[in-house]
Each structure stands twice: as C-alpha cells, then as structure tokens.
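K.L.:
Need the 3D shape of this:
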Amino acid sequence: MRTTITSKGQITIPARLRKRWGLKKGQVIEFDENAPFLQARRVVDEKRARAVLGSMKKELAAKTVDGWMVWLRGPVELAPHAPRRR
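P.N.:
Numbering: from 1, shown residues only. Next up is the predicted model:
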C-alpha cells in the first residue's frame, strides 16, 4: 500500500488501515524519531484512561470471567457442532 507525501509534509493513512487499527478523526499519533524505520503509534490520553480504571469494580466484583463476558456482551448461543466428515 502506498501513499504520497504532500508539499506540506502530510500523508493520508488509507481508510482500510485506519479501520484495521481503529484510528478515528482527531486522534493523535506520534512518530518514533529513534526507530530505524518509520514507526508511528497512537497516543493514549493517560488521564482519560485512568479516569475509567476501576469504574466497574462493584458491578463485576462477584462475577467470574464468563460472568463478565455475559454482562458485557449478553448471552451467546453457540451453534451445535456439525458432524465431522471422514
């Protein structure tokens, strides 16, 4: 996949890659100046991330991991296994 650097030094990250990496409008990325190749990573707002840390402690305290998944995603119905062909 290719992109062209504009006269202002800007690049466009192709939509397919933005979707794959979960990049949204307004998000900040930073470039690693010390990497031997072009390397960018999404910047995480640490203050915002810490604000939600532990916010569900009471709701999830007595649940198992399976219980958490059901609480977060809802119940999941698994399809019956198809017989194996030989």
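
K.L.:
show me where this protein has helices.
P.N.:
Ranges of helices in the chain, per DSSP state H, are 15-21, 46-52, 57-60, 65-73.

K.L.:
will you turn those helices into a markdown table that also has distance to N34 and mean pLDDT?
P.N.:
(Each C-beta comes from the backbone N, C-alpha and C, glycine too.) Shown next, in a markdown table, are the helices of the chain (distance: least, Cβ to Cβ, whole Å; pLDDT from 0 to 100):
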| stretch | distance to N34 | mean pLDDT |
| --- | --- | --- |
| helix 15-21 | 21 | 91 |
| helix 46-52 | 21 | 79 |
| helix 57-60 | 38 | 73 |
| helix 65-73 | 38 | 81 |
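
K.L.:
and A35, which of those helices is closest to it?
P.N.:
helix 15-21 (17.0 Å; Cβ to Cβ).

K.L.:
Go through the closest one and flag the buried ones.
P.N.:
The neighbour-count check on helix 15-21 (16 or more other Cβ atoms under 10 Å) flags nothing as buried.

K.L.:
counting contacts, what elements does it pack onto?
P.N.:
Helix 15-21 is packed against no helix or strand, with contacts defined by 3 or more Cβ pairs under 8 Å, 6 or more residues apart in numbering; DSSP states H and E.

K.L.:
Please repeat the previous calculation with a cut-off of 10 Å.
P.N.:
For helix 15-21, the elements it packs on are strand 40-42, judged by 3 or more Cβ pairs under 10 Å, 6 or more residues apart in numbering; DSSP states H and E.

K.L.:
partners of the strand it packs on in the sheet?
P.N.:
Strand 40-42 sits in its sheet next to strand 29-31 (antiparallel), going by DSSP bridges.

K.L.:
now the partner strand: mean pLDDT?
P.N.:
For strand 29-31, the mean pLDDT works out to 92.

K.L.:
coming back round to it: please tabulate the helices of the chain in CSV and include distance to K8 as additional columns.
P.N.:
What follows is the helices of the chain, written out as CSV (distance: least, Cβ to Cβ, whole Å):
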stretch, distance to K8
helix 15-21, 20
helix 46-52, 30
helix 57-60, 47
helix 65-73, 43
